[in-house]
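1. For reference, the sequence and a predicted model appear below.
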Amino acid sequence: MQAREQLIRKLVAEMLGTGVLVFFGVGVATLMFGFHFDGGSLAAGVVATALTFGLVLLALCYSIGPLTGCHVNPAVTMGALLAGRLPVRDAIGYWAAQFVGGILGALLLWGMFNTSPLYSTSKTGLGTDGWGSASFIHIGMGGAFLAEVVLTAMFVFVILAVTSKIGNSTTAGLAIGLALSVAHLIGIPITGTSVNPARALGPALIVGGTPLSQVWLFIVAPLVGGAVAAGLHYVVFPKLVPAPREEQPLPSARGG
């Protein structure tokens with residue numbers, strides 16, 4: 001019974017953490033790129049959004065990290081699962097909680113913006129990801145898929161490395177937050193930057209249309225990236241990959 005209650009607390013924390021990440025990160029992205037304020041620029045929007053995602057994740061690392069590992073990202077959970085740090089049962093629960101959290105965070109954000117006369121779901125959007133005409137550089141589907149795999153793999157690899165036995169748990173949250181910010185700095189002009197399926201799905205469900213028809217890529221590619229990160233971690237740190245066991249929270253660990 002105690003183990004079950006502990007798991008429930010973890011799932012609630014993952015849901016809340018993912019919702020918070022989506023609310024603030026996607027919220028800033030919508031303000032920067034959706035409302036088109038006078039005097040704004042792509043560079044300023046990219047930096048503001050990247051820092052928001054990174055700083056919110058940093059705060060979450062140190063707040064819920066000791067309880068859940070602070071995945072708040074299905075791709076991170078994929079990496080942890082394949083690295084042997086999380087049992088399948090817990091991973092499935094984490095995925096469900098993260099997707100629910102992402103949807104709730106997006107709904108809360110949409111409800112707030114919808115009270116503004118300047119907001120329109122179809123015109124302003126909700127910080128969704130995309131390729132082709134939905135990309136700042138009009139990147140193709142293949143390029144978008146590759147970008148999401150590479151950025152997610154880099155991000156999750158950093159998480160697995162800094163939360164390993166040789167990592168420094170005191171500074172792990174800082175490294176993770178910075179890694180997410182860097183991923184957004186290059187990724188926003190390319191795809192909008194998902195690297196987090198839960199972050200991509202919530203806004204796409206609300207906006208619909210092209211974002212919803214393209215969201216599959218921003219779910220599949222980050223999960224592939226998480227798997228690639230686990231493989232790279234095994235190659236670089238083979239002796240540090242533990243055998244499957246009961247979940248051991250990633251110290252101050254994390255998602256996008």
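-> That came in fine, so what should we check first? Everything numeric here is computed off the predicted structure, so don't read it as measured data. Residues are numbered from 1 along each chain as shown.
2. just for this protein, where's the confidence low?
-> Low-confidence segments of the chain, defined by pLDDT under 70: 1, 36-40, 239-256.
3. so where do the strands sit in it?
-> Counting by DSSP state E, one finds no strands in the chain.
4. Surely residue 16 and residue 101 touch.
-> Yes. Residue 16 lies in contact with residue 101 (CB atoms under 8 Å); the separation is 6.4 Å. C-beta: built from backbone N, CA, C; applies to glycine.
5. Which one's more surrounded, those two?
-> Counted by other CB atoms under 10 Å, residue 16 and residue 101 do not tie: residue 101 has more neighbours, with 27 against 18.
6. excluding its backbone neighbours, what's nearest the more buried one?
-> What sits nearest to residue 101 in space, not counting adjacent residues and going by CB to CB, 6 or more residues apart in numbering, is residue 18, at 3.2 Å.
7. so who does that neighbour touch?
-> 72, 73, 97, 98, 99, 101, 102, 105, 198, 199, 255 (CB atoms under 8 Å, 6 or more residues apart in numbering).
8. Look up how far residue 202 lies from residue 159.
-> Residue 159 is 21 Å from residue 202, where distance means CB to CB, to the nearest Å.
9. And residue 195, by the same measure?
-> Using CB to CB, we find residue 195 at a distance of 14 Å from residue 202.
10. So which of these two has more stuff around it?
-> A side-by-side neighbour count of residue 195 and residue 202, using other CB under 10 Å, places residue 195 first with 34 against 31.
11. Now do the residue lying closest to the more buried one once chain neighbours are set aside: how many residues are near it, please.
-> Take residue 195 and drop its neighbours on the chain: the residue closest to it by CB to CB, 6+ apart is residue 152, 4.4 Å away. Neighbour count of residue 152, defined by other CB under 10 Å: 34.
12. do the same with residue 2
-> 6.
13. residues contacting residue 129?
-> 191, 192, 193, 194, 200, 204, 211, 214, 215, 218 are the contacts of residue 129 under CB under 8 Å, 6+ apart.
14. check contacts around the fourth one.
-> Neighbouring residues of residue 194 by CB under 8 Å, 6+ apart: 129, 148, 152, 187, 200, 218, 221, 222, 256.
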